[in-house]
Structure formats: C-alpha cells, structure tokens
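In: Model the following, please.
(chains A, B, C and D)
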Number of protein chains: 2
Amino acid sequence: MEGNPVTQTTPGMTRNTRQRGEVLALLTETDDFRTPQQLHSTLRERGAKVGLTTVYRTLQVLVDAGQVDTMRLPSGEQLYRRCSRTHHHHLVCRDCGSTVEVEGPAVEKWADKIAAEHGYADVSHTLEIFGTCPECARR
Amino acid sequence: MEGNPVTQTTPGMTRNTRQRGEVLALLTETDDFRTPQQLHSTLRERGAKVGLTTVYRTLQVLVDAGQVDTMRLPSGEQLYRRCSRTHHHHLVCRDCGSTVEVEGPAVEKWADKIAAEHGYADVSHTLEIFGTCPECARR
DNA sequence: CTGCGTGCAAATAGTTTGCAGTTCA
DNA sequence: TGAACTGCAAACTATTTGCACGCAG
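Out: Next up is the predicted model:
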C-alpha cells in the first residue's frame, strides 16, 4: 500500500513530482482542514522531504485547479482541505477542527437574491458555521 | 465645529483620550469597512496624530465593547466598521468596498438547525456576500 | 497622584519571492 | 534537452509587544 507511485493526473498540474504527490496524499487521507504549516510539519515527521515553500506553492496550484478547498478561521488562519467540487459550506469544530460539509440551497438562493435586489453583479459568498462538536463538548 | 471635546461615553473604555476620539469619529463618519492601516493613514492625512499601534489597540477595545464590527475578506484583510449592534451580515462591493447591511433570519435559523442536528454546541457563524456594486459595474 | 493610554522601535508570524540547482517529460 | 519544479534564504506585510513617557481622572 505504500510504494505506490504518484500518478495522479491532476488537472492544472503540468508535472508530477514526488513532493506534490506527498502533499496530495496527505490531503487525501485526512478529512479536516489544515494550515500549510501543519501540513508541512506532518510531512517532515513522516520523513517526506518537502520544503515549506513547496507546500505553499502546491496548495496554490491545487486551489486554482479546484482540487482543494480553502477557508479562513475568524482568527485569520488559512486552511486547506481536499474537498468535493460542488459548492458547499462547513460546520467546523472550534476545538478539534473536525468538519462536516453542509449544503444549503436555500441560503445560496437567498444570497443571490439579496445581491440582485441591490444591483450587485458577479456574486459570491462565504459562509461557515462554528461550534463545539459532541466529542469536544463531552470533555 | 472642531474644538469639540471628546465626550463619547463608550462602554468598555475607561479613559477618553483625543486619539480614541479621533478613531471613533472617523469610524462614525464612514459607512464602509476599513483596515487599521487605512484608518491610520486617513487620520495622519487629516493631521490627527495617532500612532498605528493605538489604532490597533483602540479597534480591539471597540470590538470587545461591541461598538465595532469586524470581518475578513477572502484575501485575509481584517476590516473594521462602526456598526449596529444587532446581528447581521454584509453585502460588500469587491471594487469600492461599499457595504449594505443585510439580515436573514431564515439563514440564522438554518445555521443553528444544521449545527444542532450534528450535535454542535455554542454555535456561531460567518456570512458575507461579495459582488460588484452598480456604481462599479457601470465603469 | 496613579495608573491607563500612547507611540516608537523591535519582535513575531505567516506568506511570498529571488535564484541557483534539480528533475520530469 | 529544457521548461517546470524545488528549496534555501531573504524580503515582505500585517500585527503585537516592551518600555519609557504623558495625560486623564
């Protein structure tokens, strides 16, 4: 299960390198949002030699390619996560960072309607819900 | 109209200084979100001698006191604005930064419901809508 | 008076960029 | 081969902190 070569044809990436494979692999195996710094130190711990710069650059490429989702905590930390392509939002635990993907068609429509009413064009929005998950609340 | 002394009794502020008055005044006269840096340079332009550090610290105090609203652009810039106390969201122009306050009781309820369904406690959320306002679209 | 507030300069923290060397296709 | 990628170090930006002084109450 390990020595599997990196052969992921990821749109937007012209070249497949070991480093990108490592980053992508790590993103794939976890479900939660991570900071570039966290990803980098995890990679180092497991022995993967990847520079912090490369992590940043790879994440940028992945975001551009639509392979990775990015969001920001109220505190300002930038987070990344491999994520389904469809538009959705997140319910994030303040403590442990675990996330649940949620969809709200009604909210999307509401946002578009509000924007239209005020004559705003080219509309997008951000929406995240924060709370304490059952696991963390128990403690 | 100028020499008016600073006498704003702002809850959470133990002391009323000229600098805090200037920041508060500036926040009061504009409707749009501003970065600490913008606020600072505007103050300097108009001759008010206020240190950048003080702007940051004052904004923090105001946020704690609930006098000022803060949000973050997708790009990561932190923005502040004097704002009504009721919970609401914003429709923000990507170009000129002008904002419209919007309310969405349905959205609030939806967010709380979703969180409750997943057992999340102590829920809050962030929601901002971005677009190009009619003014900017015209150009 | 007394200590909260101020502001400079220095420290931080996260992220980006320049550039020489490396590697994939 | 050669363009794309890598990674170190240095540069940058936004924000915070240490500390001596000033001013409000």
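In: and the residue nearest the centre of chain A, what does it touch?
Out: Among the residues of chain A, A:R81 comes closest to the average C-alpha position under CA atoms, centre = their mean, at 2.3 Å. Counting by CB atoms under 8 Å, 6 or more residues apart in numbering or on different chains, A:R81 makes contact with A:27, A:30-34, A:68-71, A:99. Glycine gets a C-beta too; all of them are placed from N, C-alpha and C.
In: ok so it is a strand residue?
Out: Yes: under DSSP: H, G, I helix; E, B strand; the rest coil, A:R81 falls within a strand.
In: give me the beta-bridge partners of it?
Out: A:R81 forms beta bridges with A:D69, as assigned by DSSP bridges.
In: Now that we're looking at it, what pLDDT does it have?
Out: pLDDT, A:R81: 91.
In: Stretch A:41-60 and DNA strand C, any residue contact?
Out: Yes: using CB under 7 Å from any atom of the strand, we find that stretch A:41-60 touches DNA strand C at A:52-53, A:56-57, A:60.
In: ok, is that stretch in contact with chain B or not?
Out: No: using CB under 8 Å from any CB of the partner chain, we find that stretch A:41-60 stays clear of chain B, coming within 13.3 Å at best.
In: ok so, going back, can you tell me which of the contacts of A:R81 are classed as buried?
Out: Buried subset of those (neighbour count, 16 or more other CB atoms under 10 Å in any protein chain shown): A:27, A:33-34, A:68-69, A:71, A:99.
In: for the helix or strand hosting A:A116, packing partners?
Out: According to DSSP states H and E, A:A116 maps onto helix A:105-117. Counting by 3 or more CB pairs under 8 Å, 6 or more residues apart in numbering or on different chains; DSSP states H and E, the packing neighbours recorded for helix A:105-117 are strand A:121-132, helix B:105-117, strand B:121-132.
In: Can you list the buried residues in it?
Out: If you call a residue buried by 16+ other CB under 10 Å, then helix A:105-117 has these buried ones: A:107-108, A:110-112, A:114-115.
In: Can you list the low-confidence ranges for chain A?
Out: Applying pLDDT under 70 to chain A flags residues A:1-13.
In: same thing but 80
Out: Applying pLDDT under 80 to chain A flags residues A:1-14, A:31, A:84-85, A:95, A:97, A:139.
In: For it, which segments count as helices?
Out: In chain A, the helices defined using DSSP state H lie at A:18-29, A:36-45, A:52-64, A:105-117, A:134-138.
In: Distance to DNA strand D added to those, as a markdown table?
Out: Shown next, in a markdown table, are the helices of chain A (distance: least, CB to the nearest atom of the strand, whole Å):
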| stretch | distance to DNA strand D |
| --- | --- |
| helix A:18-29 | 3 |
| helix A:36-45 | 9 |
| helix A:52-64 | 3 |
| helix A:105-117 | 25 |
| helix A:134-138 | 25 |
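In: do you know which of the ones you listed lies nearest B:T132?
Out: Smallest distance to B:T132 across those (CB to CB): 9.6 Å, for helix A:105-117.
In: how about the residues of chain A that lie near chain B?
Out: For chain A, the residues in contact with chain B (CB under 8 Å from any CB) are A:72, A:74, A:76, A:78, A:91, A:93-94, A:100, A:102, A:104, A:106-107, A:110-111, A:114-115, A:118-134, A:137.
In: May I see the buried residues of stretch A:64-81?
Out: For stretch A:64-81, a neighbour-count test (16+ other CB under 10 Å) marks A:67-69, A:71-73, A:77, A:79-81 as buried.
In: thought A:L79 was touching A:M71?
Out: Yes: shown here, A:L79 and A:M71 form a contact pair, counting by CB atoms under 8 Å, at 5.4 Å.
In: Could you tell me the end-to-end distance of stretch A:42-57?
Out: One end of stretch A:42-57 to the other measures 17 Å (CA to CA, to the nearest Å).
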